[in-house]
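Participant: Test case, fold it:
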Amino acid sequence: MLRVLWRSLPVLIGMSIFVAVSPSLAGPPFVTDDPEPVDYQHFEINLAAQGNEIKGGRSGNLPAIDINYGPFEDTQFHLGLFGPFATVDGAGTHYGYGDTEIGIKYRFLSEDDEGWRPQVAIYPNIELPSGNARQGLGAGHEKLFLPLWLQKSFGDWQTYGGGGYWLNSHDDDRNYWFVGWTLLRKVSEEWTLGGEIFHQTADLKHDPAPDGNGVSAHASSGFNLGGYYNLDEDHHVIFAFGRGLQNIAATNQFSYYVGYQLIF
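Facilitator: A predicted model of the protein is given here:
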């Protein structure tokens, strides 16, 4: 058993990084976020099952709870609470409470409905190491994400994206960049559908599994397809499914996000 666990260590490291990183990037149900804050004195709560498969195991959050509140105009307070799991083939499953996420979104530029000016926001997030890193359920140290997000709407079309820098330097971890872009279309009063593409640079100082081209196994690119189904004005089903485009076996053979969104 110890030999199996030792062989599984790189997978557990990868799962730990996935669980710790992916929630804070999420603009549910997508990985890429948008600059639009929750309305003043309103709540948005997202409750979801989220997961990712790689060669040799699976990881994710069950549940992922994303709580947002608008304390001021153009401002959103964010709290992320997660129940991560990490499964290594032949070595069992770990489940527990993950890292806690706190963020503030501030939109400093509003969209011009008659012109080309987008809305723009900053959205710093900090992740607190409340999860068990040894079991692959957290990063084991604080992390800070400093992104800039933009959005523009054209009739039934909406596009948003941007990116930022992760302050993540600790032991073998290093700082890295994330960028992503999303395109959505309202196809009916109930359905909004679209997709995203994203890229993250390497997040380890020492590459445990190079791909043969000098690129870190933890640098990753991927895509998701998904959207929203409106049950009514306040209740929504949100979903996304995707996979990696780079270092697929080590980062993302298949990923999913299926959740319920309440706005009040």
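Participant: Which of the three states applies to Arg134?
Facilitator: With DSSP: H, G, I helix; E, B strand; the rest coil as the basis, Arg134 sits in helix.
Participant: which residue sits closest to it in space, ignoring its chain neighbours?
Facilitator: Gly140 (7.8 Å; Cβ to Cβ, 6 or more residues apart in numbering). Using the backbone N, CA and C atoms, a C-beta is placed for each residue, glycine as well.
Participant: And the one you found, how close does it get to Tyr257?
Facilitator: 24 Å (Cβ to Cβ, to the nearest Å).
Participant: Compare these two and say which is more crowded by neighbours.
Facilitator: Taking neighbours as other Cβ atoms under 10 Å, Gly140 and Tyr257 compare with Tyr257 leading, 26 against 17.
Participant: Please identify which helix or strand holds that one.
Facilitator: strand 254-263 (DSSP states H and E).
Participant: In this structure, what residue spans correspond to strands?
Facilitator: 43-54, 57-72, 75-88, 92-95, 100-109, 119-122, 125-128, 143-154, 157-167, 176-186, 191-200, 220-230, 235-244, 254-263 (DSSP state E).
Participant: Please produce a markdown table containing those, extended by mean pLDDT and distance to Thr32.
Facilitator: Formatted as a markdown table, the strands of the chain follow (pLDDT from 0 to 100; distance: least, Cβ to Cβ, whole Å):
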| stretch | mean pLDDT | distance to Thr32 |
| --- | --- | --- |
| strand 43-54 | 96 | 15 |
| strand 57-72 | 96 | 14 |
| strand 75-88 | 96 | 15 |
| strand 92-95 | 92 | 27 |
| strand 100-109 | 98 | 14 |
| strand 119-122 | 98 | 13 |
| strand 125-128 | 97 | 14 |
| strand 143-154 | 97 | 8 |
| strand 157-167 | 97 | 5 |
| strand 176-186 | 97 | 3 |
| strand 191-200 | 97 | 5 |
| strand 220-230 | 97 | 9 |
| strand 235-244 | 98 | 10 |
| strand 254-263 | 98 | 12 |
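Participant: possible to save the ones you listed as a markdown table with distance to Pro37?
Facilitator: A markdown table is the format used below for the strands of the chain (distance: least, Cβ to Cβ, whole Å):
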| stretch | distance to Pro37 |
| --- | --- |
| strand 43-54 | 9 |
| strand 57-72 | 6 |
| strand 75-88 | 4 |
| strand 92-95 | 32 |
| strand 100-109 | 5 |
| strand 119-122 | 7 |
| strand 125-128 | 14 |
| strand 143-154 | 11 |
| strand 157-167 | 13 |
| strand 176-186 | 17 |
| strand 191-200 | 19 |
| strand 220-230 | 18 |
| strand 235-244 | 17 |
| strand 254-263 | 12 |
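Participant: For Phe145, see how far away the closest residue to Gly222 other than its chain neighbours is.
Facilitator: In this structure, Gly222 finds its nearest non-sequential neighbour in Gly244, 4.3 Å apart by Cβ to Cβ, 6+ apart. Gly244 sits at a distance of 20 Å from Phe145 (criterion: Cβ to Cβ).
Participant: These two: which is more packed in?
Facilitator: Between Gly244 and Phe145, counted using other Cβ under 10 Å, Phe145 has the larger neighbour count: 22 against 19.
Participant: Quick one: residues contacting the more buried one.
Facilitator: 24-25, 103, 123-127, 164-167, 178 (Cβ atoms under 8 Å, 6 or more residues apart in numbering).
Participant: could I get those residues as CSV with distance to Lys205?
Facilitator: Converted to CSV, those look like this (distance: Cβ to Cβ, whole Å):
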residue, distance to Lys205
Ser24, 21
Leu25, 21
Gly103, 26
Tyr123, 27
Pro124, 24
Asn125, 23
Ile126, 22
Glu127, 19
Gly164, 20
Tyr165, 16
Trp166, 14
Leu167, 14
Phe178, 18
